[in-house]
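Engineer: pasting the sequence and the predicted model now:
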Amino acid sequence: MNEPNRRAFFQKTATMLAASGVLSARAGVSEAPTEFSRAEEGFPLAVPGYFGSRPGIQIGTQMSPNASEEDMQFARQLGVEWVMTSLPEEGQNLESYLALKKRFAEHGLKIYRLANHRCHNMEEVTLNLPGRDAKIEEYLRYIRLMGQAGIHYSTYAHMGNGIWSSPPETIRGGARARALRLNGDAAGYWIDKTWRGPLSHGRRYTEEELWENYTYFIRKVVPVAEESGVYIGIHPDDPPVYDLGGIPRCIFGNFEGYKRALEIADSPHVGVCLCVGCWLEGGERMGKSVVEAIRYFAGQKKLFKVHFRNITEPLPQGFVETFLDDGYMNMYLVMRALHEMGYTGAVISDHIPGMVGGHRSAEAFAVGYMKALIQAAATPA
């Protein structure tokens with residue numbers, strides 16, 4: 001489709017959707033020619049969110065920066081356009097960012113999120129440890145690089161002692177998946193670090209300390225994110241709610257914590273990467289159901305990305321991650337809420353179980369299931 005026809009198509013589509021009320025949460029979308037042409041380069045719309053070749057909920061996939069041509073062909077065969085990827089420490093420079101962006105583009109793929117894992121879970125920042133200011137500066141350099149490269153979204157997690165897990169367990173058909181039992185086998189992990197209880201950092205931290213540390217950090221981040229044109233979606237604590245290793249999970253571990261944190265940030269560039277699985281882990285103690293959270297954050301134009309994951313049951317009983325159709329949540333209700341709120345950002349599979357046939361089998365199942373749910377949610381009753 002050539003450029004004039006593409007713009008006409010998007011203008012007509014946006015007008016029809018606005019008339020039907022689907023775009024009611026997206027102020028400014030009626031100015032489609034400018035916004036949609038910019039969206040092809042990966043710029044957020046007013047949600048903010050992203051558009052691919054068509055309006056609506058987008059499907060993304062996680063890929064290595066060293067993905068083979070066959071890997072990228074596989075993604076396109078699944079109908080995926082958006083890639084979540086990362087680069088190692090030596091790749092944190094503008095030349096590497098632009099080269100990776102070009103490589104994916106040559107295979108019909110666009111980078112939605114380019115991660116720097118050194119700046120994702122930063123215990124120095126969350127807990128005000130030695131080196132905090134240097135770590136914040138490293139994070140700000142990363143955000144500036146993202147803006148310079150024309151990549152406008154980043155996920156951030158504010159956990160002081162990582163993602164906690166127990167040994168994997170067996171689910172349907174003998175597949176293996178991550179589990180968490182709040183007992184002596186549980187530990188926190190991130191990259192090459194491991195934290196264990198009862199006190200992962202030698203003492204117990206207060207909620208007041210954590211709020212002070214977050215406020216210090218986010219007030220340095222906001223002006224840089226706004227100047228760089230980068231949107232930051234903050235991931236829930238995994239798991240949420242419960243103190244682990246002497247560190248409360250009071251900020252991104254429940255609805256009220258999120259609400260207060262976003263109010264402190266007070267910026268359209270700071271919002272939510274909603275991990276459905278994490279929200280389900282917390283259960284009723286999250287304060288809002290995952291569907292209620294979607295409606296609130298999307299209504300505030302703060303929902304930037306969604307991790308689509310199901311689990312067997314909420315804490316404190318313990319949980320095992322499982323197939324999208326085999327957990328305690330009806331995932332159709334999640335997708336329907338996203339559609340009804342006019343969400344246009346990416347949805348990705350998350351922590352997919354190990355299946356016969358390897359990663360591609362598991363991703364094909366997840367993407368196919370998500371695409372079917374999107375179609376069902378968008379089909380009039």
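Structural biologist: Arrived safely, thanks for sending.
Engineer: CA atoms for contacts and neighbours, from now on please.
Structural biologist: Will do.
Engineer: geometric centre of the chain: which residue is closest?
Structural biologist: Central residue of the chain (CA atoms, centre = their mean): residue 273, 3.8 Å from the mean position.
Engineer: wait, is that residue part of a strand?
Structural biologist: Yes. Residue 273 forms part of a strand when assessed by DSSP: H, G, I helix; E, B strand; the rest coil.
Engineer: check what pLDDT it gets.
Structural biologist: Predicted confidence (pLDDT) for residue 273: 98.
Engineer: same check, this time on residue 15
Structural biologist: pLDDT for residue 15: 37.
Engineer: do the same with the one 5 residues further on
Structural biologist: At residue 20, the pLDDT value in this model is 33.
Engineer: and for residue 342?
Structural biologist: Turning to residue 342, the model gives it a pLDDT of 94.
Engineer: same deal with the one 5 residues further on?
Structural biologist: We have a pLDDT of 97 for residue 347.
Engineer: which strand residues bridge it?
Structural biologist: According to DSSP bridges, the partner residues bridging residue 347 are residue 59, residue 306.
Engineer: near it, how many other residues are there?
Structural biologist: Residue 347 is flanked by 26 other residues according to other CA atoms under 10 Å.
Engineer: how close does it get to residue 340?
Structural biologist: Distance, residue 347 to residue 340, by CA to CA, to the nearest Å: 15 Å.
Engineer: the strands in the stretch 51-200 of the chain, which residues?
Structural biologist: Counting by DSSP state E, counting those that start in this stretch, the stretch 51-200 of the chain has strands at residues 58-62, 82-86, 110-115, 153-157, 163-170, 176-180, 187-190, 193-195.
Engineer: low-confidence regions, the stretch 1-150 of the chain specifically.
Structural biologist: The model of the stretch 1-150 of the chain has pLDDT under 70 over residues 1-51.
Engineer: make it 90
Structural biologist: 1-55 (pLDDT under 90).
Engineer: all helices for it, in order.
Structural biologist: Using DSSP state H, counting those that start in this stretch, the helices of the stretch 1-150 of the chain run over 3-20, 32-39, 69-77, 94-105, 123-126, 132-149.
Engineer: ok and the fourth one relative to strand 82-86, angle-wise?
Structural biologist: Compare the direction of helix 94-105 with that of strand 82-86 by axes from the mean of the first three to the mean of the last three CA atoms, to 10 degrees and you get 150 degrees.
Engineer: and helix 94-105, how far from the chain's centre?
Structural biologist: Helix 94-105 sits 21 Å away from the centroid of its parent chain (CA atoms, centre = their mean, to the nearest Å).
Engineer: and the angle for it with helix 69-77?
Structural biologist: Between helix 94-105 and helix 69-77, the angle formed by their directions is 60 degrees, by the same axes, to 10 degrees.
Engineer: and the angle for helix 94-105 with helix 132-149?
Structural biologist: Counting by the same axes, to 10 degrees, helix 94-105 lies at 50 degrees to helix 132-149.
Engineer: what's helix 94-105 packed up against?
Structural biologist: Secondary-structure packing of helix 94-105 (3 or more CA pairs under 8 Å, 6 or more residues apart in numbering; DSSP states H and E): strand 110-115, helix 132-149.
Engineer: pull the residues that contact the last one.
Structural biologist: Contact partners of helix 132-149, identified using CA atoms under 8 Å, 6 or more residues apart in numbering, comprise 92-94, 97-98, 114, 116, 119, 122, 124-125, 152-154, 217, 221, 224-225, 228-230.
Engineer: hmm, try it at 6 Å
Structural biologist: The contact list for helix 132-149, computed with CA atoms under 6 Å, 6 or more residues apart in numbering, reads 98, 119, 124-125, 228-230.
Engineer: going by distance to residue 323, which of these wins?
Structural biologist: Nearest to residue 323, judged by CA to CA, of the contacts of helix 132-149 is residue 119 at 29.7 Å.
Engineer: partners of the residue nearest to the centre of the chain in the sheet?
Structural biologist: Residue 273 forms beta bridges with residue 305, as assigned by DSSP bridges.
Engineer: that one reaches residue 234, doesn't it?
Structural biologist: Yes. Taking contacts as CA atoms under 6 Å, residue 273 lies within contact range of residue 234: 5.2 Å.
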